[in-house]
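In: Let me see the structure of the following:
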Amino acid sequence: MEKISINSYKPGKIVCVGMNYRGHVSEQDGRFPDKPVLFCKSNTSIIKNNENIICPEEVKELDYEVELAVVIGKKAKNVLPENMSDYIYGYTIMNDVTARDIQKKEGQWFRAKSFDTFAPIGPDIILAKYIKNPDNINLKSYVNGELRQDSNTSDMIFGVYELISFISKSMTLEEGDLVSTGTPAGVGAFRKQKSFLRNEDIISCQIDNIGELVNKIVKE
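Out: Residues are numbered from 1 along each chain as shown. Next up is the predicted model:
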């Protein structure tokens, strides 16, 4: 399988999707969205495989979110879901790191998810032709070797092509943009006993046919 190095890749837009897994919605309040819930992360939050996630001093509840991320291959506007595969360059992993306390306190998501280093991506980009069905891929996350998330993209409420088509109706997606498709159940904030990331923790995000993204938590 051909892999493209992610080391020189820096997305233009980073468009993310919230509450897109049935299990993740169920572990929260069970209110399923009628349409995709969109938000953005700053492209200055990007780091790569084996780089450190820096936890700011003001953040007390740092959380992880393994996600399938899509790299856009060419300009896409008002594209139908059935044609969307022609616009996808490849796939990678993103850890949508989130400051839960800030997210809850401030009532909006952008700042809580856009601190520097809060968007690890990698380890590589896998060309789209090698991912036959993005809506049926296993994904997992581990903290210090302990399994935290274990799901499949078939649990998504809105599939990959449907999501990106929806986004393209409101904004032009350009070559190199990144779309992260949501996280499954098992994040630290919604475990029976809340379990947030601590200094020196190692977070591993794994997706079948893409690889393993590993990052260490370091206090600011």
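In: residues in contact with the residue nearest to I54 when sequence neighbours are not counted?
Out: The shortest distance from I54 to any residue that is not its chain neighbour, by C-beta to C-beta, 6 or more residues apart in numbering, is 4.6 Å, and that residue is T117. Bear in mind the C-beta positions are built from the backbone N, C-alpha and C, glycine included. In this structure, T117 makes contact with 45, 47, 51-54, 97, judged by C-beta atoms under 8 Å, 6 or more residues apart in numbering.
In: you'd agree N20 is up against G159?
Out: No - contact status for N20 versus G159: not in contact, 9.5 Å apart, counting by C-beta atoms under 8 Å.
In: Those two - which one has more neighbours?
Out: N20 (25 against 19; other C-beta atoms under 10 Å).
In: just to revisit the earlier point, assumed the residue nearest to I54 was part of a strand.
Out: No - with the criterion set as DSSP: H, G, I helix; E, B strand; the rest coil, the secondary structure at T117 is coil rather than a strand.
In: Distance check, it against E162.
Out: If you measure T117 against E162 using C-beta to C-beta, to the nearest Å, the figure is 31 Å.
In: So which other helices or strands are in contact with the lowest-mean-pLDDT helix or strand in the chain?
Out: Using mean pLDDT, DSSP states H and E, the weakest-scoring helix or strand in the chain turns out to be strand 3-5, at a mean of 91. Counting by 3 or more C-beta pairs under 8 Å, 6 or more residues apart in numbering; DSSP states H and E, the packing neighbours recorded for strand 3-5 are strand 119-127.
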